[in-house]
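**Student:** Return atomic coordinates for the entry below.
(chains A and B)
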Amino acid sequence: EDQVTQSPEALRLQEGESSSLNCSYTVSGLRGLFWYRQDPGKGPEFLFTLYSAGEEKEKERLKATLTKKESFLHITAPKPEDSATYLCAARSGAGSYQLTFGKGTKLSVIP
Amino acid sequence: DGGITQSPKYLFRKEGQNVTLSCEQNLNHDAMYWYRQDPGQGLRLIYYSQIVNDFQKGDIAEGYSVSREKKESFPLTVTSAQKNPTAFYLCASSMRDGYGYTFGSGTRLTVV
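**Tutor:** Numbering: from 1, shown residues only, chains lettered A, B, ... in the order given. Okay, the predicted model is just below:
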């Protein structure tokens, strides 16, 4: 059974304090590792897709990396507007298209 | 602009009633999905459809029903058999190969 585990569940940072969010996955034949941002009461907003170990992608203060067992979302010098829940999801190569989601990490950036 | 529209944003249901949540997309995506989100839990798949007139049960399909008569539309009915329907419901769509996964803005259903 495919599983995605995110840690920590919640993270409080001071503005400018860099940190990382972790996403561990066990899927059969990874066909994509996805990161989404979700604001309260809204749908998830796509951030990145990673496909192979060693791949990295960046967007503003966010950088996502992928290994064979985990993905990290690095947040550099965060600002209060980065506060949100960050969701990780994996798609296996087992013939289906749906994603398996983790429970998310709620990030709070304090001014 | 292309996207997914869910309506209504908020929905209230009395005990014993069936309610239908709307999901429409103009992305020309083949596949559509319904997820349920509860506090402290990940998104759980209710139903998905890869082509018109065909759909499959997800992990928590009991008490729900769907139809896919048009490529653009994938409505979800929450029946009276669903014992705990209060939740945030998210619709998504993707291309046939699973890429371009996009979410709607969600419908919050509350039982009163």
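**Student:** From here on, just use CA atoms for contacts and neighbour counts.
**Tutor:** Noted.
**Student:** Surely A:S19 is in contact with A:H74?
**Tutor:** Yes: between A:S19 and A:H74 there is a contact at 6.0 Å, judged by C-alpha atoms under 8 Å.
**Student:** Looking at these two now, which is surrounded by more residues?
**Tutor:** A:H74 (18 against 15; other C-alpha atoms under 10 Å in any protein chain shown).
**Student:** Is the lowest-mean-pLDDT helix or strand in chain A in proximity to chain B?
**Tutor:** Using mean pLDDT, DSSP states H and E, the weakest-scoring helix or strand in chain A turns out to be strand A:100-101, at a mean of 92. Yes: Strand A:100-101 reaches chain B (C-alpha under 8 Å from any C-alpha of the partner chain) through A:T100, A:F101.
**Student:** Relative to the whole chain's centre, how far out is that strand?
**Tutor:** The chain centre lies 11 Å from the centre of strand A:100-101; the measure is C-alpha atoms, centre = their mean, to the nearest Å.
**Student:** Mind listing residues that contact it?
**Tutor:** The contact list for strand A:100-101 (C-alpha atoms under 8 Å, 6 or more residues apart in numbering or on different chains) reads A:D2, A:Q3, A:V4, A:L87, A:C88, A:A89, A:A90, A:R91, B:G42, B:L43, B:R44.
**Student:** can you rerun that using 10 Å?
**Tutor:** A:1-6, A:25, A:27, A:33-35, A:87-92, B:41-45 (C-alpha atoms under 10 Å, 6 or more residues apart in numbering or on different chains).
**Student:** which among those end up buried?
**Tutor:** Those of these that meet the buried threshold are A:4-6, A:25, A:27, A:33-35, A:87-92, B:42-45, by 16 or more other C-alpha atoms under 10 Å in any protein chain shown.
**Student:** what residues does chain B put near chain A?
**Tutor:** B:9, B:31-33, B:37-45, B:47-50, B:58, B:88-108 (C-alpha under 10 Å from any C-alpha of the partner chain).
**Student:** Recalculate using a threshold of 7 Å.
**Tutor:** Residues of chain B lying close to chain A by C-alpha under 7 Å from any C-alpha of the partner chain are B:G40, B:Q41, B:G42, B:L43, B:L90, B:D97, B:G98, B:F103, B:G104, B:S105, B:G106.
**Student:** biggest separation within those residues, which pair?
**Tutor:** B:G40 and B:D97 (29.8 Å; C-alpha to C-alpha).
**Student:** Compare these two (neighbour count), which wins?
**Tutor:** B:D97 (14 against 10).
**Student:** Now for the closest residue to A:A64 other than its chain neighbours: which residues touch it?
**Tutor:** Closest residue to A:A64 apart from its sequence neighbours, by C-alpha to C-alpha, 6 or more residues apart in numbering or on different chains: A:L73 at 4.5 Å. Going by C-alpha atoms under 7 Å, 6 or more residues apart in numbering or on different chains, A:L73 touches A:S20, A:L21, A:N22, A:L62, A:K63, A:A64, A:T65.
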